[in-house]
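**Student:** Just need the structure, nothing else, for what follows:
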Amino acid sequence: MALDELAQLPEELAGRIEKSRQRVIETIGKNMDLYGVTLSVGYMYGNMFFRNHPVTLDEMAEVMGLSKTSVSTGMRTLQDLKMIHKVWNRGSRKDLYEVETDWYQTFADYFSIKWRKSVEMNRHALERSWREMNQLLAEHPDNEALANILRSDMEKIRAAIQYYDWLNRLIDTFESGRIFELVPIETRQEEYKQ
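**Tutor:** Below is the predicted model:
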């Protein structure tokens with residue numbers, strides 16, 4: 001039921017539905033910091049979650065009480081996180097957006113993107129430092145005190161690179177979908193069936 005469909009119900013029933021929805025929207029908004037997004041973007045996603053049809057920037061700006069520019073920025077953030085996507089609607093000249101309903105895949109996509117970026121950045125820094133230390137070893141082959149310090153540090157860096165190699169393999173399981181074989185999506189839906 002779309003938000004505007006609540007107007008078709010008696011006020012008391014619409015109010016109860018709205019209260020239940022608002023609780024979910026607020027929880028989603030508060031938990032979106034896990035995804036590195038602001039509370040308002042989390043609320044935007046939560047509001048879109050209860051829509052049964054795609055929304056325009058204008059509609060979301062009205063619902064959220066925000067400027068179209070702020071909503072556009074929030075929508076772009078949600079798109080980058082693969083939490084919403086643009087859809088095409090024949091006859092509409094405005095961009096339309098809808099929520100990605102597969103939260104499992106959204107989680108996998110988001111963390112793959114974020115983790116991969118961090119791994120690459122951190123691994124690059126470690127490799128650069130390792131090369132610099134190795135160069136120092138080559139430049140000062142007779143300095144045993146320096147060699148001891150550098151070898152110890154280089155061993156720590158090697159272990160850290162090994163960790164990032166493991167993390168890359170973990171990310172691969174998310175990107176390939178193998179994570180769902182290792183940790184199956186089990187449903188305990190009996191108590192939530194209508």
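**Student:** quick one: buried residues of stretch 48-61?
**Tutor:** Residues 48-51, 54-57, 59-61 are the ones in stretch 48-61 that count as buried (16 or more other C-beta atoms under 10 Å). Heads up, the C-betas are built off the backbone N, CA and C, glycines and all.
**Student:** what does stretch 10-20 give?
**Tutor:** Applying 16+ other C-beta under 10 Å to stretch 10-20 flags 14, 17 as buried.
**Student:** How far off centre is it?
**Tutor:** 31 Å (C-alpha atoms, centre = their mean, to the nearest Å).
**Student:** Can you list the residue ranges for helices in this protein?
**Tutor:** 11-31, 39-49, 57-64, 68-80, 103-139, 144-176, 179-182 (DSSP state H).
**Student:** how does this structure divide into domains?
**Tutor:** 3-100, 104-182 (automatic domain parsing).
**Student:** ok, now which ones touch the spatially most central residue of the chain?
**Tutor:** For the chain, Y110 is the residue whose C-alpha lies nearest the centre (C-alpha atoms, centre = their mean; 3.4 Å). For Y110, the contact set (C-beta atoms under 8 Å, 6 or more residues apart in numbering) comprises 35, 81-83.
**Student:** I'd like to know how far the residue of the chain most remote from its centre sits from G46.
**Tutor:** Largest separation from the mean C-alpha position in the chain: D142, at 50.5 Å (C-alpha atoms, centre = their mean). To G46, D142 is 65 Å away according to C-beta to C-beta, to the nearest Å.
**Student:** residues near N47, how many?
**Tutor:** By the criterion of other C-beta atoms under 10 Å, N47 has 21 neighbours.
**Student:** if we can go back for a sec, for the helices of the chain, give me a markdown table that also has distance to R90 and mean pLDDT.
**Tutor:** Output for the helices of the chain, formatted as a markdown table (distance: least, C-beta to C-beta, whole Å; pLDDT from 0 to 100):
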| stretch | distance to R90 | mean pLDDT |
| --- | --- | --- |
| helix 11-31 | 29 | 91 |
| helix 39-49 | 21 | 91 |
| helix 57-64 | 18 | 92 |
| helix 68-80 | 21 | 93 |
| helix 103-139 | 27 | 92 |
| helix 144-176 | 33 | 96 |
| helix 179-182 | 34 | 91 |
